[in-house]
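Visitor: Provided below for reference: sequence and predicted model.
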Number of protein chains: 2
Amino acid sequence: MALIVHKYGGTSMGSPERIKNVARRVAKWKSAGHQLVVVVSAMSGETNRLLDLAKSISSSPNPRELDVIASTGEQVAMGLLAMAISELGLKARSYTGAQVRILTDNAYNKARIQSIDESRIRSDLDEGMVVVVAGFQGVDERGNITTLGRGGSDTSAVALAAALKADECLIYTDVDGVYTTDPRVVPEARRLHAVTFEEMLEMASLGSKVLQIRSVEFAGKYKVPLRVLSSLTDPLMSLEEEAKSGTLITFEEDSKMEQAIISGIAFNRDEAKITVMGVPDRPGIAYTILGPIGDANIDVDMIIQNASVDGMTDFSFTVHRNEYQQALDVLNNQVKAHIKATDIRGDNRICKVSLVGVGMRTHAGIASKMFRTLSEEGINILMISTSEIKISVVIDEKYMELAVRTLHKAFDLDQPV
Amino acid sequence: MALIVHKYGGTSMGSPERIKNVARRVAKWKSAGHQLVVVVSAMSGETNRLLDLAKSISSSPNPRELDVIASTGEQVAMGLLAMAISELGLKARSYTGAQVRILTDNAYNKARIQSIDESRIRSDLDEGMVVVVAGFQGVDERGNITTLGRGGSDTSAVALAAALKADECLIYTDVDGVYTTDPRVVPEARRLHAVTFEEMLEMASLGSKVLQIRSVEFAGKYKVPLRVLSSLTDPLMSLEEEAKSGTLITFEEDSKMEQAIISGIAFNRDEAKITVMGVPDRPGIAYTILGPIGDANIDVDMIIQNASVDGMTDFSFTVHRNEYQQALDVLNNQVKAHIKATDIRGDNRICKVSLVGVGMRTHAGIASKMFRTLSEEGINILMISTSEIKISVVIDEKYMELAVRTLHKAFDLDQPV
């Protein structure tokens, strides 16, 4: 007997018929003797309906009350699922974030989980109940309803799995796992049977939207074995088959990483590049440039400072494309004259392509192979940034698909491991 | 400065525009220096939408989960109203039944309020907040969400007013008060400026659906001054004018009851009459007949036992028309042979018409005037039942409108007091 946490997203809960299918799947796991905690998102479309309702009252709705309203989507979903499970003759009980006391800070609309009181869930499990919990929501110390932000249900599920020391957390979604890259760009992309949570973290942060990044951080921190798999398969497929489907996000590098050096290729078109030219290469210059950018609440991604020539250097960084113009304005108005930069240049028709793989730690030559591959296709590299398990390059966005396809082939990602 | 509880029903909260109007009305009261607690129902249609969703999962939905789902309608409404009030520059905060701890028993779908912890509301009021509370819902001792049944928001409002010792509870609805009778039947019906809560109780239980009967009981028990008034008037009408509009439900008979002996005429077409003929007039016979009816969960309204002739009597009672056939079946199958009744007769084309007025206590001759008035119109009385402040007659339903109109005129209810 294992303690398993399931999480079903909005698409999986998108209609009464789909909710009944979720109930059948849950019942199958329960009947095999496992203890089940099920975290649900709101039915697809429901959160947007609620936010639109709020917008019809106020163009900038009161954040506390927005959470009061938005949290009802998951509350309805959890009730419907508990009902559907009861309908199959099993005992089920649903709880809001406040009821199981998923304690968060009081940052409405983007709260962070601080602790979970798992005693109530555990006593229900011991009574043979299936426990259904609303994702995406919690409660602050004063009892105010909070929400965790978009995609927060993944984080709820992982946090519950951590609190309950669950044997596995299964994230059911509308894709059947994590791929070597987006199959819409490279049809030969393969599903990965396993990735490490560090790789997943890089891939999530680089734009692979399978899992919310905070849920991956949480899983890493508390060592929660996580599996991403499809909710759209036959709910009554054999348990053995289902338990092996999808992609496992693991902490054990050694066993699997002997062969695959690169796990996947992530890419992201939402970036823009800014270069501050001819700035004095002196201590504090990075802060002088990026301080005002941070003050304007603009997130910076890659940061590169070239070697200095005659005490002068160029300083480049990337920001989200939506904040490109604002970042340029900040630099031109607040920074340029102050540091006597010769010029501020920008480019918002770029993209970022990244190789991700824990194998890089022990294999040399990955970067040079990547650069050679791109150069053979005539693709100019504008910026480079590396971490222990990732190499990212910024290139002209028109080469994005070409770069991803070529690298996918060059690193044999289309071949079974 | 007074502490005032407002309650707005589903129609009053039926659209974003109406919610903004409610906010304007609340802001007007608040700006006049009052402390405001506002109880809201779900937006009209929302509760039915949620119940339909539950029905799509199960034909007899799990009662606990039904309350989890149904309670979200009020939660959305309270958030939207608090938002709309904030939008007008006032401080507002919304609470679910669980958050202010409206403690109920655990009878899901029809829970009863046991206590309210008013400390949190009071401290918010002291901070100058408008407090918005979800009607219709509470929480049981174990923290499970409960609902009070249809119309329960009235009860929530009155219970909160009682717990807070509010100066007045204003029930805003889509009619502008309590009338001497239904204006659709008697166009000359007058709005009553005041009725006693006992009269209101009789009128509510007799089918005047302005207020949920339990809310009136609550108001009577805790002496909460209650006013029923329209939410569809101009929200910015003068406070003096608004404070006098609608109908006050009061405990002070003396001041107003000098003149009006009869306050109103209630009627009800939802009844059916059953007579058990030729039963032995011995102790326990009422229980022998009505015990099985009660066991079948059929509510009995009027009960009449005729004087006995030769130790035999006829025993009549009325039930809701929907339960007429079931009641007949119970009697024929379980009772008739057992007590050797000569016959079981029924009639489901009847109605009940009632005069209500505390003045009856001190004025003789009301009943005989009622019977004479009906007889002059050729209306045969099938059953009679009286209380201190009410006389009800059962008549053929085809005479209902005629009876109500004629009595309304005979007792001068169309004349200003």
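Guide: Noted; the coordinates are in hand.
Visitor: chain B contacts on the stretch 1-150 of chain A?
Guide: Proximity of the stretch 1-150 of chain A to chain B is confined to A:16, A:19-20, A:50, A:53-54, A:56-58, A:61-62, A:64-66, A:68-69, A:71-72, A:75-76, A:78-80, A:82-84, A:86-87, A:92-94, A:96, A:98-99, A:143, A:145 under the rule C-beta under 8 Å from any C-beta of the partner chain. Bear in mind the C-beta positions are built from the backbone N, C-alpha and C, glycine included.
Visitor: buried among those? Make that a ChimeraX selection.
Guide: Typed into ChimeraX, the line below selects the buried ones among those, using 16 or more other C-beta atoms under 10 Å in any protein chain shown:
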select /A:16,19,20,50,53,54,56,57,58,61,62,64,65,66,68,69,71,72,75,76,78,79,80,82,83,84,86,87,92,93,94,96,98,99,145
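Visitor: show me where the stretch 251-400 of chain A has its strands.
Guide: With DSSP state E, counting those that start in this stretch as the criterion, the stretch 251-400 of chain A has strands at A:264-268, A:271-280, A:300-305, A:312-320, A:343-347, A:350-356, A:381-387, A:390-396.
Visitor: now the ones you listed in JSON lines, with distance to chain B?
Guide: Below are these laid out as JSON lines (distance: least, C-beta to the nearest C-beta, whole Å):
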{"stretch": "strand A:264-268", "distance to chain B": "35"}
{"stretch": "strand A:271-280", "distance to chain B": "35"}
{"stretch": "strand A:300-305", "distance to chain B": "34"}
{"stretch": "strand A:312-320", "distance to chain B": "29"}
{"stretch": "strand A:343-347", "distance to chain B": "38"}
{"stretch": "strand A:350-356", "distance to chain B": "39"}
{"stretch": "strand A:381-387", "distance to chain B": "42"}
{"stretch": "strand A:390-396", "distance to chain B": "42"}
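Visitor: which non-adjacent residue is nearest residue A:342?
Guide: Leaving aside its sequence neighbours, residue A:342 sits nearest to residue A:278 (C-beta to C-beta, 6 or more residues apart in numbering or on different chains; 3.2 Å).
Visitor: list the contacts of the one you found.
Guide: Counting by C-beta atoms under 8 Å, 6 or more residues apart in numbering or on different chains, residue A:278 makes contact with A:312, A:314, A:341-343.
Visitor: any idea how far residue A:141 is from it?
Guide: From residue A:278 over to residue A:141 the distance is 51 Å, taken as C-beta to C-beta, to the nearest Å.
Visitor: likewise for residue A:37?
Guide: Using C-beta to C-beta, residue A:37 is found at 24 Å from residue A:141.
Visitor: same question for residue A:282.
Guide: As for residue A:282, its distance to residue A:141 is 46 Å (criterion: C-beta to C-beta).
Visitor: same deal with residue A:362?
Guide: Distance from residue A:362 to residue A:141, by C-beta to C-beta: 46 Å.
Visitor: more crowded one of residue A:37 and residue A:141?
Guide: Between residue A:37 and residue A:141, counted using other C-beta atoms under 10 Å in any protein chain shown, the more crowded position is residue A:37 (29 against 10).
Visitor: just the element for that one, please.
Guide: Per DSSP states H and E, residue A:37 falls inside strand A:35-40.
Visitor: which residues touch the helix or strand following that strand?
Guide: Downstream of strand A:35-40, the first helix or strand assigned by DSSP H and E is helix A:46-57. Identification of contacts with helix A:46-57 by C-beta under 8 Å, 6+ apart yields A:10, A:42, A:61, A:65-66, A:69-70, A:72-73, A:76-77, B:16, B:19-20, B:76, B:79-80, B:83-84, B:87.
Visitor: hmm, back to that, please pick the buried ones from the contacts of residue A:278.
Guide: Of those, these count as buried by 16+ other C-beta under 10 Å: A:314, A:341.
Visitor: turn the contacts of residue A:278 into a markdown table, including pLDDT.
Guide: As requested, the contacts of residue A:278 are exported to a markdown table (pLDDT from 0 to 100):
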| residue | pLDDT |
| --- | --- |
| A:312 | 86 |
| A:314 | 88 |
| A:341 | 89 |
| A:342 | 90 |
| A:343 | 92 |
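Visitor: out of the contacts of residue A:278, the closest to residue B:355 would be?
Guide: For those, the residue nearest residue B:355 by C-beta to C-beta is residue A:341; the value is 91.5 Å.
Visitor: how about residue A:315, what does it touch?
Guide: A:275-276, A:279, A:285-286, A:289, A:304-306.
Visitor: and of the contacts of residue A:278, the nearest to residue B:180?
Guide: Nearest to residue B:180, judged by C-beta to C-beta, of the contacts of residue A:278 is residue A:341 at 83.9 Å.
Visitor: now the closest one: phi and psi?
Guide: Torsion angles at residue A:341 (phi, psi; degrees, to the nearest 10) stand at phi -70, psi 150.
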